[in-house]
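J.: build me a structure from this.
(4 chains)
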There are 2 protein chains.
Amino acid sequence: MPDTARRAEEPAGARYGNRPTMKDVAARAGVGLKTVSRVVNGEPGVTPETERRVQEAIEALGFRRNDSARVLRKGRTSSIGLVLEDLADPFYGPLSRAVEEVARAHGTLLFNGSSAEDPEREQELALALCARRVDGLVVIPAGDDHRYLEPEIKAGVATVFVDRPPGRIEADVVLSDNYGGARSGVAHLIAHGHRRIGFIGDMPRIHTAAERLRGYRAAMEDAGIPVAESWMSLGATDPERVRRAAEEMLSGPHPVTAIFTGNNRVTVTVIRVLAEHPRRVALVGFDDLELADLLKPGVTVVAQDAAALGRTAAERLFRRLDGSPPAPERIELPTRLITRGSGELPPAD
Amino acid sequence: MPDTARRAEEPAGARYGNRPTMKDVAARAGVGLKTVSRVVNGEPGVTPETERRVQEAIEALGFRRNDSARVLRKGRTSSIGLVLEDLADPFYGPLSRAVEEVARAHGTLLFNGSSAEDPEREQELALALCARRVDGLVVIPAGDDHRYLEPEIKAGVATVFVDRPPGRIEADVVLSDNYGGARSGVAHLIAHGHRRIGFIGDMPRIHTAAERLRGYRAAMEDAGIPVAESWMSLGATDPERVRRAAEEMLSGPHPVTAIFTGNNRVTVTVIRVLAEHPRRVALVGFDDLELADLLKPGVTVVAQDAAALGRTAAERLFRRLDGSPPAPERIELPTRLITRGSGELPPAD
DNA sequence: TAGAGGCTGGACAACGTTGTCAGATGGAGG
DNA sequence: CCTCCATCTGACAACGTTGTCCAGCCTCTA
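T.: Coordinates of the predicted model:
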């Protein structure tokens, strides 16, 4: 009558819907609680025979150690959080993956969340992660005031900002050289004879957008070219707005002969506009694109290394976690100009 | 002498390097532990004056409730895990994002991890998440034996598989219609006059790859076209192998006049090969690509809706979590053929 | 045979929170 | 002035784990 036998044993085991605990395992194996703990953690001091009995009970009950409880006891959760802008953006894929790889190498799990470029949501997410007691936080800022993280950082949450600097607090940050990259990209267009060059970028409150615009201005100033207001357009990166902005620059008596685009989303839309445009217009974009080399002409871009950004940030985070905390630092990674044709077109007029 | 005063208070407060707890807050506010809990959770039955004192102490100490501990008491962790193949793959970005949005709507945080197509790593990751007591798991299988998850599922971890079915267990799964999609894509090529059609896909042990091959075979059989062994190539999707495979099919006395590619990585490489190829070769790819419409010719694809895949899976997971668990179900989402030119090229000979 | 010493196993507290329950306090009514 | 009730507050146990510490047992030696 195995059924009754089983039923007779169960009461000491798992309650329905609940997972068995070490206590249940101990009861079933007829040993003490701590002995189960020792077996589960491979600690010495358990007879092979006892160990066998415990293992058997573990198997039979389907026990798995509750790491949440473990963590409560131990102090560290071995998990970190990544707050980024949009998990679906191809730029952030490699970045997340790089962070994940570093985390994995440190036996750490990764929470992932998107702020959708909403400062409030960023804060909500970051604080929820802190409440879960992540050991560290990698944040791609959406907002420009991160004082809300100050108590957390002080309390030991290793925090590193990536892609954009934090606002109103001192903390580690890993950036691309947005200014220098944009400047060299625009200089590249100037070197190919362009003088009327448009700039279409993201909302000016976003640091990267502002920096890239600054690079654009600097390159123009270096060349002694006065910039017309109508050549610059900053705002949301939805296709409709970008399309309008591009078409505006390309019309009128003195249209631009080249466009510098401030990020991958803008670049894609502008490529579409240019494909329908009668005149040949040069283009250099910030951020690389997957098929950029296969278009006609190939798209010349200022490429950032998203994976390096993520890796550097995560490594910095773990260094902070492992050793004595170094002073906050600003790390800037170089960009790379990749020429593929669109940036080398001569002015059309 | 505010300094000594502060120092006199501190001992009851946070120990160095540790976060203040409710106990610390209670001590500082001169109230009981439970009262702090009540304030933190907005429970009724606290005088405004008491509440003010507690709030003050919370501010002063930088207290934040430890949700890990809370969870231990409560039973649910309000977190789910997503095990996918590669966070950096553009196909999985929208999928993750969709899962995240659904999770967010349920006040749930998301753990994210990549298996890198390694069954062992998938298992390690999934079990680590179970040990953290995630409420549920969304898994894109890398392996073909998921019996290791049986005890977890039985213990209440709501589990949904996506993109590929689980191996050797019964569970919810959300799939694209890989067979039907491939079949219609190949039929499309046949309708445009092709008879010698190549297929380049991922490793045959991957379910989606096998299904798409099956669709290819079915379409060919429907048209009464015998398939030559040399027209089919399954294996790793690294560019070198795919390039070799494509070049082989395109050479010899009877080269293929069209190629059907089994996923986005393969498609990209084949586009590169075809760009250098003297003859016009038709192409239909499985999975959409960001700039597919801008290439010359535009790339005809069988598109799956990655976001819908993720959303459907996550919704299923939460339904299972909320209500009474429904029987495991297999949900298949339709694909869509998007014609852009490359699939409508006539045979070159 | 007794004492020393090594090994195994278990009782107990603690991690930070919440639920239960009982105690304290204050005001109203007899 | 005393009692009763409502309201507010706090002590305590519990969640599942690990670290500390001590008890029991066995073996070896004097």
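
J.: after the worst-scoring helix or strand of chain A on mean pLDDT, which helix or strand is next?
T.: Lowest by mean pLDDT, DSSP states H and E among the helices and strands of chain A is helix A:2-9, with a mean of 32. Downstream of helix A:2-9, the first helix or strand assigned by DSSP states H and E is helix A:22-29.

J.: helices or strands up against that following helix?
T.: Packing contacts for helix A:22-29, counted by 3 or more C-beta pairs under 8 Å, 6 or more residues apart in numbering or on different chains; DSSP states H and E, involve helix A:33-40, helix A:48-61. No exception for glycine: its C-beta is placed from N, CA and C like everyone else's.

J.: possible to save these as a markdown table with mean neighbour count and distance to A:Pro326?
T.: As requested, these are exported to a markdown table (neighbours: other C-beta atoms under 10 Å in any protein chain shown; distance: least, C-beta to C-beta, whole Å):
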| stretch | mean neighbour count | distance to A:Pro326 |
| --- | --- | --- |
| helix A:33-40 | 18 | 36 |
| helix A:48-61 | 16 | 43 |
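
J.: out of those helices, the one nearest DNA strand D is which?
T.: Among the helices and strands packed on helix A:22-29, helix A:33-40 comes nearest to DNA strand D, with 3.6 Å by C-beta to the nearest atom of the strand.

J.: and for the nearest residue to A:Gly201 once chain neighbours are set aside, the neighbour number?
T.: In space, and not counting its chain neighbours, A:Gly201 is closest to A:Gly262: 2.9 Å by C-beta to C-beta, 6 or more residues apart in numbering or on different chains. A:Gly262 sits with 30 neighbouring residues when counted by other C-beta atoms under 10 Å in any protein chain shown.

J.: how much space separates whichever residue of the stretch 151-300 of chain A sits closest to DNA strand C from chain B?
T.: Nearest residue of the stretch 151-300 of chain A to DNA strand C: A:Ala155, at 10.8 Å (C-beta to the nearest atom of the strand). In this view, A:Ala155 and chain B are 5 Å apart by C-beta to the nearest C-beta, to the nearest Å.

J.: okay, domains of chain A per the record?
T.: What automatic domain parsing lists as the domains of chain A is A:2-65, A:77-175+A:307-333, A:178-304.

J.: any regions of chain A where pLDDT drops low?
T.: Scanning chain A for pLDDT under 70 picks out A:1-17, A:324-325, A:349.

J.: please enumerate the strands of it.
T.: For chain A, the strands defined by DSSP state E occupy A:79-84, A:109-114, A:136-139, A:158-162, A:172-176, A:197-201, A:232-234, A:258-261, A:282-286, A:300-303, A:330-333, A:336-338.

J.: what lines up beside the last one in the sheet?
T.: For strand A:336-338, the paired strands and their directions (DSSP bridges) are strand A:300-303 (antiparallel).

J.: just to revisit the earlier point, to A:Met203, which of the helices and strands packed on helix A:22-29 lies closest?
T.: Closest to A:Met203 of the helices and strands packed on helix A:22-29, according to C-beta to C-beta: helix A:33-40, at 51.8 Å.

J.: what residues does that closest one touch?
T.: Residues outside helix A:33-40 that contact it (C-beta atoms under 8 Å, 6 or more residues apart in numbering or on different chains): A:22-23, A:25-26, A:29, A:43-46, A:50-51, A:54-55, A:57-58, A:65.

J.: B:Ala327 versus whichever residue of the stretch 1-150 of chain A sits closest to chain B, what's the distance?
T.: The minimum distance from the stretch 1-150 of chain A to chain B, using C-beta to the nearest C-beta, falls at A:Gly62 (3.3 Å). Using C-beta to C-beta, to the nearest Å, A:Gly62 is found at 21 Å from B:Ala327.

J.: what do you get for A:Val256?
T.: A:Val256 is 62 Å from B:Ala327, by C-beta to C-beta.

J.: more neighbours: these two, which one.
T.: Using other C-beta under 10 Å, the more surrounded residue of A:Val256 and B:Ala327 is A:Val256, with 25 against 6.

J.: how long is stretch A:328-341 end to end?
T.: This stretch, stretch A:328-341, spans 41 Å end to end (C-alpha to C-alpha, to the nearest Å).

J.: ok now it, how far from the chain's centre?
T.: On the basis of C-alpha atoms, centre = their mean, to the nearest Å, stretch A:328-341 sits 16 Å off its chain's mean C-alpha point.

J.: buried sites along that stretch?
T.: A:Pro328, A:Thr335, A:Ile338, A:Arg340, A:Gly341 (16 or more other C-beta atoms under 10 Å in any protein chain shown).

J.: what is the nearest of these to B:Arg280?
T.: Among the buried residues of stretch A:328-341, A:Gly341 lies closest to B:Arg280 (C-beta to C-beta), at 21.9 Å.

J.: touching, A:His277 and A:Leu250? I think so.
T.: Yes. Taking contacts as C-beta atoms under 8 Å, A:His277 lies within contact range of A:Leu250: 6.2 Å.

J.: the more surrounded of those two?
T.: The residue with more neighbours, out of A:His277 and A:Leu250, is A:Leu250; 19 against 16, by other C-beta under 10 Å.

J.: how close does that one get to A:Gly198?
T.: A:Leu250 sits 8 Å away from A:Gly198, going by C-beta to C-beta.

J.: between those two, what contacts are shared?
T.: A:Val256.

J.: so what's A:Ile259 closest to, chain neighbours aside?
T.: A:Gly198 (4.4 Å).

J.: can you name the residues that contact the one you found?
T.: Counted by C-beta under 8 Å, 6+ apart, A:Gly198 has contacts A:Trp231, A:Met232, A:Ser233, A:Ala246, A:Met249, A:Leu250, A:Val256, A:Ala258, A:Ile259, A:Phe260.

J.: now do the fourth one against A:His277, distance only.
T.: Just to be clear, that refers to A:Ala246. Using C-beta to C-beta, we find A:Ala246 at a distance of 9 Å from A:His277.

J.: try A:Pro90
T.: A:Pro90 is 25 Å from A:His277, by C-beta to C-beta.

J.: how about the residues of the stretch 51-200 of chain A by DNA strand D?
T.: The stretch 51-200 of chain A comes close to DNA strand D at residues A:Phe63, A:Arg65, A:Asn66, A:Ala69, A:Arg70, A:Leu72, A:Arg73, A:Lys74, as judged by C-beta under 7 Å from any atom of the strand.

J.: and of the residues you listed, the nearest to B:Phe318?
T.: Set against B:Phe318, the nearest of these by C-beta to C-beta is A:Asn66 (22.3 Å).

J.: the closest residue to A:Glu120 other than its chain neighbours: what's it in contact with?
T.: Sequence neighbours aside, A:Gly143 is the residue nearest to A:Glu120 in space, at 7.7 Å (criterion: C-beta to C-beta, 6+ apart). The contact partners of A:Gly143, by C-beta under 8 Å, 6+ apart, come to A:Pro119, A:Glu120, A:Glu122, A:Gln123, A:Gly167.

J.: what's the farthest-apart pair in those residues?
T.: A:Glu120 and A:Gly167, at 13.9 Å, using C-beta to C-beta across these.

J.: neighbour count: the two, which is higher?
T.: More neighbours surround A:Gly167 than the other of A:Glu120 and A:Gly167, with 14 against 10 (other C-beta under 10 Å).

J.: my guess is the more buried one contacts A:Val139. True?
T.: No. Taking C-beta under 8 Å as the definition, A:Gly167 is not a contact partner of A:Val139, at 11.1 Å.

J.: pull up the overlap in contacts between those two.
T.: Shared contacts of A:Gly167 and A:Val139, counting by C-beta under 8 Å, 6+ apart, come down to A:His146.

J.: state the distance from A:Arg212 to A:Arg70.
T.: Distance, A:Arg212 to A:Arg70, using C-beta to C-beta: 46 Å.

J.: the two: which is more packed in?
T.: Higher neighbour count among A:Arg212 and A:Arg70: A:Arg212, with 29 against 17, using other C-beta under 10 Å.

J.: my read: the more buried one touches A:Phe286, true?
T.: Yes. A:Arg212 is within contact range of A:Phe286, at 5.8 Å (criterion: C-beta under 8 Å).
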